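In: Everything below, folded, please.
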Amino acid sequence: MNHESSLMKIFRLLGFKRFYWSLRRLHVPVNSKALVLEVGAGGNPYPMANAMLDALEETVERNEQTLVKDRPLILGLVEDLPFKDKAFDFVIASHVLEHTDNPDKFLKGTSIYY
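Out: The predicted model follows:
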C-alpha cells in the first residue's frame, strides 16, 4: 500500500511541508473502486469518501461550516457503528479522535475495516 503519491514524495523531499500536508486530502491509499467511509467529515469531506458518518447535524465544533450532504450521510458515532464488519475498504478519521469520550472503543471500531 502506497501511503504517499508521487507529488507528495517530491514536496516532502523538497521540504515543502505545507503543500505535502495539503495533498494528503487528495491521496487516499486505496484504488478508485474501494468503498471509503469518512468519520466526522463535517463541512470539508475528503474527495475519495463514498459515505460519511457524523455525530450531529448541527454543532459548534464545525467552526461555522455547514454539514456537507452531497453523498450518503449516516448520523452516528464510531463507538457504535451501524455497519457490518468489513463493510468498508478504508476508513478516514482525521481530527476526530479528540472529540470522543471513549478513545479505546473508537479505535476498536475503526480497526475492524482494514
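In: ok, which stretches of this protein are strands?
Out: Assigned by DSSP state E, the chain shows strands spanning 36-39, 51-54, 73-75, 90-92.
In: what does the second one contact?
Out: Looking back up the chat, that one is strand 51-54. Contact with strand 51-54 is made by 35-42, 45, 67-68, 71-76, 78, 81, 88, as judged by C-beta atoms under 8 Å, 6 or more residues apart in numbering. Backbone N, C-alpha and C define where each C-beta goes, glycine included.
In: mind redoing it with 7 Å?
Out: Outside strand 51-54, the residues that touch it by C-beta atoms under 7 Å, 6 or more residues apart in numbering are 37-42, 45, 67, 71-76, 78.
In: Would you list the buried entries among these?
Out: 37, 38, 39, 40, 41, 42, 45, 67, 78 (16 or more other C-beta atoms under 10 Å).
In: picking that back up, of the strands of the chain, which approaches residue 25 most closely?
Out: strand 90-92 (9.4 Å; C-beta to C-beta).
In: just to revisit the earlier point, list just the one of the strands of the chain that sits closest to residue 13.
Out: So among the strands of the chain, strand 90-92 is nearest, using C-beta to C-beta, at 25.0 Å.
In: so how many other residues sit close to the residue lying closest to residue 66 once chain neighbours are set aside?
Out: Counting by C-beta to C-beta, 6 or more residues apart in numbering, residue 66 lies nearest to residue 43, which is 5.6 Å off, once chain neighbours are set aside. Neighbours of residue 43 under the rule other C-beta atoms under 10 Å: 12.
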